[in-house]
Structure formats: C-alpha cells, structure tokens
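J.: Please find the sequence and the predicted model below.
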Amino acid sequence: MAESITITDNRTGQSLEIPLENGGVSAADFSKLLPGVWFYDPGLTATAACESAVTYLDGDAGILRYRGYPIEQLAEDSTFLEVAYLLLNGELPTSDEYEVWEREITLHTFIHENVRKRFLEGFHYDAHPMGMLVSAVAALSTFYLDAKDIFDPESRDKQIIRLIAKMPTLAAAAHRFSVGMPFVYPDNSLPFTSNFLSMMWKIAEPRFEADPVLTRALDVLFILHADHEQNCSTTAMRVVGSSHADPYSATAAAAAALYGPRHGGANEAVIRMLTEIGSLDNVEPFIASVKSGAGGRLQGFGHRVYKSYDPRAKIIKKTADDVFAVTGKNPLLDIALKLEEIALSDEYFTSRKLYPNVDFYSGLIYQAMGFPLEMFPVLFAIPRTAGWLAHWQEMLNQDSKIARPRQLYIGAEERNYLPMGER
C-alpha cells in the first residue's frame with residue numbers, strides 16, 4: 001500500500017490524501033486544499049526545495065554518500081578530480097575518461113592576464129583573499145561571453161572545466177597578493193593539489209616539490225568538502241542559477257554565501273577558540289563555562305544536519321595524524337584532543353548530540369600546512385565548486401522554476417499618505 005497522509009481543513013471539514021514520495025509531501029497537492037496558505041519555515045530547515053541525485057545525507061545515522069558511494073571509500077581510494085567527475089557525471093570515470101578529464105582541467109588552469117594585472121592587483125593591499133576570490137569569479141563572466149549559453153552542452157561543459165581548473169589559480173593569486181608576494185603561474189606538469197601548493201608557496205626554486213603526504217592530505221580534505229547536499233551556499237547556487245544567470249555569477253553568489261562566518265568560517269572559529277583556551281589547564285574551566293552559559297561556545301561540535309558523529313570528522317582525524325608527522329604537531333592539537341575527550345564523556349554534550357564535526361580538525365591541518373586563517377574559506381571554495389556546479393547542472397537539466405519563496409506579511413495595514421508637514 002502506498003504511503004500517504006491525510007490533511008483536514010477544520011474550517012470547512014474538507015480533507016485531502018497526499019502521497020508520501022521520497023520522504024516528502026508535495027506542496028502543490030497541499031495547496032489544492034489550502035490555497036494561499038504557506039508553510040512558515042525560517043531557514044528552510046523542513047523544506048525540500050528540489051529533488052537531487054548528487055549527494056545522500058542521513059544526519060541521524062551519520063551517513064554521507066556522493067552519487068551512492070560512501071565518503072569513507074572515496075576518501076580512502078579516490079582523488080579529488082575523480083570525485084569531481086563523479087559528482088558532475090553521476091559515474092566514476094574509466095581510465096580513458098579520467099585521462100581526458102584531467103587533461104582538460106590542466107589545460108585551463110591559467111587565468112587571463114587582465115584578471116591578474118588589472119583586476120586582482122586593483123584591490124587594496126590588505127584585501128581579504130575570500131573577498132578577492134568572490135569578485136574575481138564573478139568577473140570571469142565578462143571574459144567568457146559564451147558562458148551565457150547555458151543550454152548549449154558544449155559551452156556549459158567548457159565553463160565547468162574552466163571554473164574547476166581556475167579556482168585554485170585565483171585562490172593562490174588572492175593569497176599571494178594579500179601578503180605582498182608575486183604571482184606564480186600554474187605548473188601544468190604537476191597534479192591538481194601539487195600545482196595549487198606550488199602556486200601558494202613557490203619562491204625562487206625552479207620547480208616546487210610538495211611533500212606527497214601533504215598533497216594527499218589536501219586531496220582528502222578537498223574530497224570531504226566537495227559537496228554536502230543543500231547547504232547555504234549550494235542553495236544560493238541553485239537560487240541564482242534558477243534565474244538562468246551564467247555559472248560564474250552563480251558560483252560567485254555561492255562563494256559569497258560561503259564567505260559568511262556561519263558557513264565557511266567554522267574551522268577558523270575552532271582555531272580562535274583553541275587559541276583563546278591557551279593551555280591544557282584551561283580546558284576544563286572552559287567546558288564548565290560553556291555548560292553554565294557564562295562562557296564561549298564550543299566550536300567544531302554539533303552540526304545543523306548530523307545528530308551523530310560527522311563521518312567526515314573520523315576521516316579527517318586520521319589525516320591530521322599523517323600531516324602532523326610531516327609538519328610537526330600543531331601546538332593546539334593537545335588542547336583539541338583533551339577538549340574532545342572531555343566533551344565526548346560528558347552527558348551534557350552527548351545528550352544534545354554534540355559530536356565533533358569536520359571543522360574541528362580541518363583548521364588544525366590547514367594551519368599546520370602553513371595556510372593563514374584568512375585562507376580557510378578560500379580552501380573550502382576550491383573543492384566545493386565541483387559540488388556547486390553539479391547541482392547547477394542538475395537544476396538546469398530538471399528545467400526547474402525560478403526560485404520565488406512566499407512570505408507571511410506582518411507589516412502595517414493600508415494607510416494613507418500624509419504630506420511631510422502633517423506628519
């Protein structure tokens with residue numbers, strides 16, 4: 001028997017049976033019985049605004065899958081570029097498909113000289129790298145006029161490749177400018193993450209050779225951050241994309257959403273919290289202050305979606321061990337470990353389902369690798385671009401309507417205009 005619910009309008013006594021499909025109820029069917037009555041759902045926490053086959057997330061069970069593949073398997077065995085292909089195409093590539101994909105990405109890593117010389121260098125000397133990145137991505141739409149041909153498959157594929165390929169170049173350029181260092185061109189003999197690290201850290205050496213442990217760790221972090229279902233920035237991508245804006249403008253909107261500290265700034269908040277705690281002796285007093293409500297907030301614990309251990313956090317903890325073996329232990333690690341130990345053994349936190357999330361350790365890794373705090377949201381945007389574009393492409397293929405939410409009006413009733421002298 002098909003699953004369904006029955007709703008009744010107590011004002012009229014009329015009822016309507018609505019089927020449950022894929023865990024949801026059709027708002028269009030609901031409106032047949034109650035036209036002009038809207039769901040009030042601030043934050044869209046109980047509203048499914050789309051159907052998607054990209055990412056499956058079960059927050060209660062702590063499950064995350066890309067196109068059906070468990071995140072644990074992808075982080076263990078895959079590469080970021082392979083995962084990006086999977087998100088965009090629905091299937092893992094064959095060796096021939098991957099060779100073509102990797103070559104296409106590699107050939108598009110360079111940015112137009114005017115983007116660097118006339119645009120990026122026009123920012124104030126202390127501009128935030130994420131603000132520069134958001135602006136630069138939006139500006140790319142003026143360099144690739146064919147980007148507006150969003151229903152031309154060839155043009156669409158070209159913009160997707162360009163965005164994934166150029167995002168690390170723009171990110172590194174924004175960092176170099178913000179610290180007064182010269183721009184480093186891509187080295188297309190290097191793999192994706194090695195090339196990014198070269199553009200970040202190269203000084204005068206003929207060829208930058210990144211430690212393979214660090215490049216692999218960055219690859220894993222990029223895999224973990226590649227997509228996460230309908231989060232704030234992905235929703236921004238879909239909303240702007242629903243107007244049929246070009247993908248650069250839509251990606252800039254998504255990156256702007258990520259720029260907000262409530263979304264892309266979580267791992268930075270963890271570092272600031274650990275720095276403020278300062279020593280192992282201060283961990284227990286800090287925990288006590290959090291519980292009493294008199295102190296700060298426990299950053300890096302809990303998640304809007306996950307009500308158990310974030311599956312990405314388990315993976316990233318192992319990655320942290322690998323990185324620290326190369327870079328030396330981050331001095332904040334001991335504080336983090338003790339904080340996690342106490343919180344996970346305290347009923348106050350476990351009863352509230354406050355477990356470590358991916359941001360609890362990612363900031364420690366990035367900091368150990370030499371990335372400044374200002375680069376943390378930029379590092380998030382590089383891999384998430386693949387997920388954003390997968391959702392943008394899916395939305396266009398579904399011929400989705402333009403986003404146009406309703407509101408519940410709570411303002412003044414009709415009133416008459418008064419001349420200024422009579423007010």
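T.: In hand now; what should we look at? Residues are numbered from 1 along each chain as shown.

J.: Output the contacting helices and strands for the host helix or strand of Ala174.
T.: Element membership of Ala174, judged by DSSP states H and E, is helix 153-178. Applying 3 or more CB pairs under 8 Å, 6 or more residues apart in numbering; DSSP states H and E, we find helix 153-178 packed against helix 95-107, helix 129-139, helix 192-201, helix 247-259, helix 376-397. From N, CA and C alone the C-beta is placed, and that goes for glycine too.

J.: Of those helices, which is nearest Gly363?
T.: Set against Gly363 and scored by CB to CB, these come closest in helix 376-397, at 6.3 Å.

J.: Now do the buried residues in stretch 22-37.
T.: Buried residues in stretch 22-37, defined by neighbour count with 16 or more other CB atoms under 10 Å: 25, 30, 33.

J.: What's the end-to-end length of that stretch?
T.: End-to-end distance for stretch 22-37, by CA to CA, to the nearest Å: 23 Å.

J.: And the strands in this structure?
T.: In the chain, the segments counted as strands under DSSP state E are 4-9, 14-21, 24-25, 55-58, 63-66, 69-70.

J.: List the contacts of the residue nearest to Leu218 when sequence neighbours are not counted.
T.: Using CB to CB, 6 or more residues apart in numbering and skipping residues adjacent in sequence, the residue nearest Leu218 is Thr193, 4.5 Å away. Thr193 is in contact with 80, 210, 215-216, 218-219, 222, counting by CB atoms under 8 Å, 6 or more residues apart in numbering.

J.: ok, Met302 to Leu337 distance?
T.: Rather than Met, residue 302 is Gly. Per CB to CB, to the nearest Å, Gly302 is found 18 Å from Leu337.

J.: now do Tyr355
T.: From Tyr355 across to Leu337, the span is 15 Å (CB to CB).

J.: cool, and Ala174?
T.: Note on Ala174: its distance to Leu337, by CB to CB, is 33 Å.

J.: Which one of the two is surrounded by more residues?
T.: Shown here are Ala174 and Leu337; by other CB atoms under 10 Å, Ala174 has more neighbours (24 against 15).

J.: Give me the pLDDT for that one.
T.: According to the prediction, Ala174 has pLDDT 94.

J.: So it is in contact with Met132, correct?
T.: Yes: contact criterion CB atoms under 8 Å: Ala174 and Met132 qualify, at 4.0 Å.

J.: Now list whatever residues contact both of these two.
T.: Counting by CB under 8 Å, 6+ apart, the residues touching both Ala174 and Met132 are Leu120.

J.: ok now do Thr389, which residues does it touch?
T.: For the record, residue 389 is Leu, not Thr. Going by CB under 8 Å, 6+ apart, Leu389 touches 88, 160, 163-164, 247, 251.

J.: Next, count neighbours for Pro168.
T.: Pro168: 26 neighbours (other CB under 10 Å).

J.: How about Glu154?
T.: For Glu154, the neighbour count with other CB under 10 Å is 8.

J.: where's it relative to Glu82, distance?
T.: In terms of CB to CB, Glu154 sits 23 Å off from Glu82.

J.: just Arg156 next, same as before
T.: 21 Å.

J.: Ok, Asp321 next?
T.: To Glu82, Asp321 is 24 Å away according to CB to CB.

J.: Which residue of those two possesses the greater neighbour count?
T.: Neighbour totals were compared for Asp321 and Glu82, and Glu82 leads with 19 against 13 (other CB under 10 Å).

J.: Tell me, how many residues neighbour the spatially closest residue to Leu408 that is not a sequence neighbour?
T.: Closest residue to Leu408 apart from its sequence neighbours, by CB to CB, 6+ apart: Tyr40 at 5.7 Å. By other CB under 10 Å, 9 other residues sit near Tyr40.

J.: now swap in the one 4 residues further on and tell me
T.: Here the count is done by other CB under 10 Å, and Leu44 has 13 residues near it.

J.: Quick check: pLDDT value at it.
T.: Note on Leu44: pLDDT of 89.

J.: where in this protein is pLDDT low?
T.: For the chain, the stretches with pLDDT under 70 are 1.

J.: domain parsing for it?
T.: The record, using automatic domain parsing to delimit domains, assigns the chain the ranges 4-38, 52-401.

J.: what's the most buried one of the ones you listed?
T.: domain 52-401 (a mean of 19; mean count of other CB atoms under 10 Å).

J.: any idea how far Val283 lies from Ile271?
T.: Counting by CB to CB, the gap from Val283 to Ile271 is 15 Å.

J.: these two touch, right, Ala53 and Met395?
T.: No: between Ala53 and Met395 there is no contact under CB under 8 Å: 11.7 Å.

J.: residues in contact with Phe360?
T.: Counted by CB under 8 Å, 6+ apart, Phe360 has contacts 267, 270, 299-301, 313, 336, 340.

J.: Let's have those in JSON lines, adding distance to Arg238.
T.: Output for the contacts of Phe360, formatted as JSON lines (distance: CB to CB, whole Å):
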{"residue": "Asn267", "distance to Arg238": "24"}
{"residue": "Val270", "distance to Arg238": "28"}
{"residue": "Gln299", "distance to Arg238": "28"}
{"residue": "Gly300", "distance to Arg238": "27"}
{"residue": "Phe301", "distance to Arg238": "29"}
{"residue": "Ala313", "distance to Arg238": "26"}
{"residue": "Ala336", "distance to Arg238": "35"}
{"residue": "Glu340", "distance to Arg238": "34"}
